[in-house]
Structures are given as structure tokens and as C-alpha cells.
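[1] Sequence and predicted structure, then a few things I'm wondering about:
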Amino acid sequence: MAKKLKLNCDLGESFGSWKMGLDEAVMPHIDMANIACGFHAGDADVMSHTLDLAKQHSTEIGAHPGYPDIQGFGRRSMTCSEAEIINMMVYQVSALGGMASTKGLTVNYVKPHGALYNDMMKLSNVRHAIYKAMAALNANQINNLSLLMLATQENEKYIEEAKEYDLALQFEVFADRRYTDDGRLQARTEQGSVLKHDEILTQVEQLNRGQVVTASGSVIQVQADTICVHGDNADGISLISDIRQLCIAD
């Protein structure tokens, strides 16, 4: 029987007086909190508050670094050198790690945000720069950070790549997105790419069994550790609660 999936969610994405998401309502329902580190969203006060929420609910903490693009919410790709990617990763993860340590908390994993995440999955040079950043971060750590990536048909390839850097990977799937036959997400511009409530719950049941029905109707195997959920509105919170019930470990 396939293992049950942990729930992860992107949080701490408010900035100053601007409010993004319903973090207080989401946190009790998830296992892993991906906390923004200030480059695409979040600031010192928001990070501190989100860490307090994670501590209150015993939620695992992950860093959620992105491109330095607050205006575009980190959703615009940037052409950066290897050194720039390494430094922006180390800077952001270290900021969250330092704040977490003052609260007796530990950052356990890293999930790149938005365009940086997409570029990591598409571009070998970006991916290896991120691997190198992770290796630098882990060089003097007792509790090594893992890297969260999209689960695809190429999981084994990424695992082999990461071994060069002595880096552990975790793989995630998405509850609300239609999959293609190669195990990737269908483009949002295509009709039916974003699933509705009942479709989402059906797909979660499939993903819990390590498989998914694609846009073409094919059944493919998708091995993952965690499922990404979104808590931007009240309907989303209700949906997360329903997903949670499906993903509670036996």
C-alpha cells in the first residue's frame, strides 16, 4: 500500500500591511509550512509571526526562497549567474534559519518559489546551482536540509544528480492541477488544467495510491512524499480540511 502524503503549503507571503493568504486558518491542517524569505514576499515581521504559528501547531518548517521580484511575486523568470543563484538561496534560507533558531526551531527543507522552482525543473544549470547552494548550506549543519522538487517520471534522474552533492530530495505532487502523460503539470492556459473540488478529491485519492489519471485519460505512476495545497480563501481552507482527511496516515 502506498504511503500517505504529507500536506505542504506556501505561507508567510504577506508584506508589511498587505495581507496574503489565511495562514492562521491553514496552519492547523498542514504538516509542512513553506515560509517566504523576503525576496518575492514576506518580511522580518511576517516571517517571525509565521514561525510562531508553526511552533504553536508543531508544523515542520521549510524555507521558500524565490527570485528578488516582490513586484512580480517571484513569478517572473530571471537570467542569473550560478553565483547569483547560490548567493540568493543561501541569503534567504539563512535569514529564515537565523530567525527560527531564536525561537528554538529548525528549518528542515527548502522549496524554491514560483519561477525559480519552474526554472529548477526545466534548466539543468539552475538546478545544479541550487544543488550547490544546498551543499553550501549543509556543509556545517548537523540536521541537513532536503530539497523539495516536483515529482515527475524523472525522479531517479534527480536523485542521482543530488547524490553528487550529498543532498536528500523530497518530491511533491499537486492536488488541483491536471497532469500530462510525462508526469508534469498541464499548462494553466489549457482548458481543464485546474481541477474543481470533487475532481481534486478524486485526484488526491489517486495520488495516495502513487498514481494519477492524466489529461489524455492514461494512468501513470507518480511517487511522492508530499502534496501541495493552497489556502488563499475560505473555500480553500475547507478543501484542505477534506484533503487532510484523505491523507491522514493509517
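    Arrived safely, thanks for sending.
[2] Tell me which helix or strand C9 sits in.
    If you go by DSSP states H and E, C9 is part of strand 6-11.
[3] contact partners of the helix ranked longest in the chain?
    Looking across the chain with DSSP state H, the single longest helix is helix 82-101. With contacts defined as CB atoms under 8 Å, 6 or more residues apart in numbering, helix 82-101 is touched by 35, 37-39, 44, 47-48, 51, 61, 63, 65-68, 80, 106-107, 110, 112, 125-126, 128-130, 132-134, 136-137, 145. Backbone N, C-alpha and C define where each C-beta goes, glycine included.
[4] Write a ChimeraX command that selects only the buried members of those.
    Buried members of the contacts of helix 82-101, defined by 16 or more other CB atoms under 10 Å, are picked up in ChimeraX with:
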select :35,37,38,39,47,51,61,63,65,66,67,80,107,110,112,126,128,129,130,132,133,134,136,137,145
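[5] Just the contacts of helix 82-101: which are in helices?
    Short answer: the contacts of helix 82-101 in helices (DSSP H) are 44, 47-48, 51, 125-126, 128-130, 132-134, 136-137.
[6] Tabulate those in CSV, adding columns for pLDDT.
    Output for the ones in helices among the contacts of helix 82-101, formatted as CSV (pLDDT from 0 to 100):
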residue, pLDDT
A44, 96
M47, 97
S48, 98
L51, 98
N125, 98
V126, 98
H128, 98
A129, 98
I130, 98
K132, 98
A133, 97
M134, 97
A136, 96
L137, 96
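[7] Taking those, tell me the two that lie furthest apart.
    S48 and N125 (34.4 Å; CB to CB).
[8] OK, contacts around A136?
    Taking CB under 8 Å, 6+ apart as the test, what A136 contacts is I86, V90.
[9] can you tell me how far it sits from Y109?
    16 Å (CB to CB, to the nearest Å).
[10] Please apply the same query to T102.
    Applying CB to CB to T102 and Y109 gives a distance of 20 Å.
[11] more neighbours, those two?
    Y109 (24 against 9; other CB atoms under 10 Å).
[12] My guess is the more buried one contacts E172. True?
    No - counting by CB atoms under 8 Å, Y109 does not reach E172; the two are 10.4 Å apart.
[13] Overlap of the contact sets of these two?
    Counting by CB under 8 Å, 6+ apart, the shared contacts of Y109 and E172 are L148.
[14] Nearest residue to the residue most central in space within the chain in space, ignoring adjacent ones along the chain?
    Geometric centre of the chain, nearest residue: K111, 4.5 Å, by CA atoms, centre = their mean. Spatial nearest neighbour of K111, chain neighbours left out: L148 (3.9 Å); criterion: CB to CB, 6 or more residues apart in numbering.
[15] again, but for D52
    Counting by CB to CB, 6+ apart, the residue nearest D52 is K103, at 7.0 Å.
[16] which residues does that neighbour contact?
    The contact partners of K103, by CB under 8 Å, 6+ apart, come to S48, L51, D52, K55.
[17] nearest to Y179, of those?
    L51 (33.2 Å).
[18] Test my guess that that closest one contacts I61.
    Yes - using CB under 8 Å, L51 is in contact with I61, at 6.9 Å.
[19] got a list of what the residue nearest to E164 when sequence neighbours are not counted touches?
    Computed as CB to CB, 6+ apart, the closest residue to E164 that is not its neighbour in sequence is Y131, at 7.4 Å. Listed by CB under 8 Å, 6+ apart, the contact set of Y131 reads L147, E161, A162, E164, Y165, L167.
[20] Near the third one, how many other residues are there?
    Residues lying near A162 (other CB under 10 Å) number 21.
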